[in-house]
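Engineer: Here is my input, please return the structure:
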Amino acid sequence: MATTRNIALMLVTLAHPLQASAFVLRHSDEGALIRWKSADVSVRIDRAFSRGNRRGAEAIESAFGTWESIAGNPFRMRVDRSERDLGSGAREDGNADVILVRRDWTFDERYLAITLVTYLPGSGQIIDADILVNSVQHEFIELSHRADAYDLGSVLTHEVGHVWGLGHSALADATMYDTTVAGTTEKRTLEADDVDGFTALYLTDGYALDAGGCRQAGPGSGAASALAPLLLVTALVARRGRGRQPARRAAGSSTQ
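Structural biologist: Sure thing, here's the model as predicted:
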């Protein structure tokens with residue numbers, strides 16, 4: 001099966017120009033919207049989030065729940081608090097894995113997290129999406145005692161938007177805008193632009209999700225037999241001071 005891994009990164013920087021446009025939908029090279037076809041999505045949580053008194057697993061469930069609360073959301077989320085380490089994520093297992101990376105972070109150290117989305121280049125159908133959280137270079141409020149750490153719930157709510165296929169919004173107050181600051185929890189909730197983006201992907205133009213079952217379609221005609229990686233870099237920017245920050249990508253990630 002020909003698939004494309006779409007990697008989107010939320011980059012934290014110290015400054016970012018404000019823009020006036022809204023949400024961004026991602027497309028495959030052949031012009032298809034990148035989105036899920038199955039309404040039945042399994043979320044697996046790396047056991048590292050639940051060790052000791054950590055509240056990481058609750059933050060993950062809340063982030064997915066925030067998007068699930070959108071009126072008319074057709075997805076049925078099945079959350080599994082795994083009893084094992086999930087490694088770096090399986091590229092085509094159909095699950096949305098959320099993984100805490102504690103060593104050997106192979107991406108830019110500025111990233112708070114990244115979301116890796118694998119999709120079919122012809123139809124744009126997402127067949128896998130994994131969030132990797134960078135605890136090598138960064139600390140998160142739910143996983144530490146530092147009040148000035150990054151809010152895991154905010155980072156994950158942004159990343160889950162990338163799991164659905166959304167890119168970065170150009171509106172500075174949107175959860176899918178590409179910057180964030182330490183200590184703030186404002187990205188835990190959605191703004192109208194975030195809801196509008198999800199609605200444009202799944203609740204308009206007659207798009208129908210499959211009720212369940214097979215997550216992977218057959219290979220598209222003329223598609224290559226090997227994975228053709230496509231790397232998109234986008235940013236969750238860390239600004240000084242407090243306030244709402246942005247996010248952007250076709251599948252997501254975060255950075256400082």
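
Engineer: Asp193 looks like it's in a strand, true?
Structural biologist: No: Asp193: not assigned to a strand; according to DSSP: H, G, I helix; E, B strand; the rest coil it is helix.

Engineer: for the residue nearest to the spatial centre of the chain, helix, strand, or coil?
Structural biologist: Nearest to the geometric centre of the chain sits Glu159, at 2.9 Å (C-alpha atoms, centre = their mean). Per three-state DSSP, the local secondary structure of Glu159 is helix.

Engineer: Equivalent analysis for Leu86, please.
Structural biologist: coil.

Engineer: Now for it, how many residues are close by?
Structural biologist: Using other C-beta atoms under 10 Å, Leu86 has 19 neighbouring residues. Just so you know, the C-beta spots here come from the backbone N, C-alpha and C atoms, and that holds for glycine as well.

Engineer: Check whether it really touches Asp97, as I assumed.
Structural biologist: Yes: counting by C-beta atoms under 8 Å, Leu86 does reach Asp97; the two are 5.0 Å apart.

Engineer: Secondary structure element holding Ile126?
Structural biologist: Element membership for Ile126 (DSSP states H and E) is strand 125-134.

Engineer: partners of that strand in the sheet?
Structural biologist: strand 35-36 (parallel), strand 95-101 (parallel), strand 113-119 (antiparallel) (DSSP bridges).

Engineer: Show the average pLDDT along that strand.
Structural biologist: Here strand 125-134 scores 89 as its mean pLDDT.

Engineer: Kindly report the same for stretch 137-152.
Structural biologist: What stretch 137-152 shows for mean pLDDT is 85.

Engineer: Regarding that stretch, how distant is the last residue from the first?
Structural biologist: Terminal residues of stretch 137-152 lie 14 Å apart, using C-alpha to C-alpha, to the nearest Å.

Engineer: Okay, buried residues for it please.
Structural biologist: Within stretch 137-152, the residues scored as buried using 16 or more other C-beta atoms under 10 Å are 138, 140-143, 149-152.

Engineer: how far out from the middle of the chain is that stretch?
Structural biologist: 19 Å (C-alpha atoms, centre = their mean, to the nearest Å).

Engineer: try stretch 178-185
Structural biologist: The answer for stretch 178-185 is 16 Å, by C-alpha atoms, centre = their mean.

Engineer: go on, stretch 197-209?
Structural biologist: Per C-alpha atoms, centre = their mean, the centroid offset for stretch 197-209 relative to its chain is 18 Å.

Engineer: Convert the C-alpha atoms of it to PDB, please.
Structural biologist: Extracted in PDB, the C-alpha atoms of stretch 197-209 (Å, rounded to 0.1, in the frame of the first residue of the first chain):
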ATOM      1  CA  GLY A 197     -11.700  23.900  10.800                       C
ATOM      2  CA  PHE A 198     -12.900  20.600  12.100                       C
ATOM      3  CA  THR A 199     -16.300  21.300  10.700                       C
ATOM      4  CA  ALA A 200     -14.900  22.000   7.200                       C
ATOM      5  CA  LEU A 201     -13.000  18.700   7.300                       C
ATOM      6  CA  TYR A 202     -15.700  16.400   8.600                       C
ATOM      7  CA  LEU A 203     -19.200  18.000   8.900                       C
ATOM      8  CA  THR A 204     -19.700  19.700   5.500                       C
ATOM      9  CA  ASP A 205     -19.600  18.900   1.800                       C
ATOM     10  CA  GLY A 206     -21.400  15.500   2.200                       C
ATOM     11  CA  TYR A 207     -18.300  13.700   3.500                       C
ATOM     12  CA  ALA A 208     -19.200  10.400   5.100                       C
ATOM     13  CA  LEU A 209     -17.100   8.500   7.500                       C
END
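
Engineer: for that stretch, what is the average pLDDT?
Structural biologist: 91.

Engineer: what's next to that stretch, contact-wise?
Structural biologist: 22-25, 33, 35-39, 67, 70, 72-75, 161, 164-166, 169, 176 (C-beta atoms under 8 Å, 6 or more residues apart in numbering).

Engineer: Buried residues in that stretch, which are they?
Structural biologist: 197-198, 200-202, 209.
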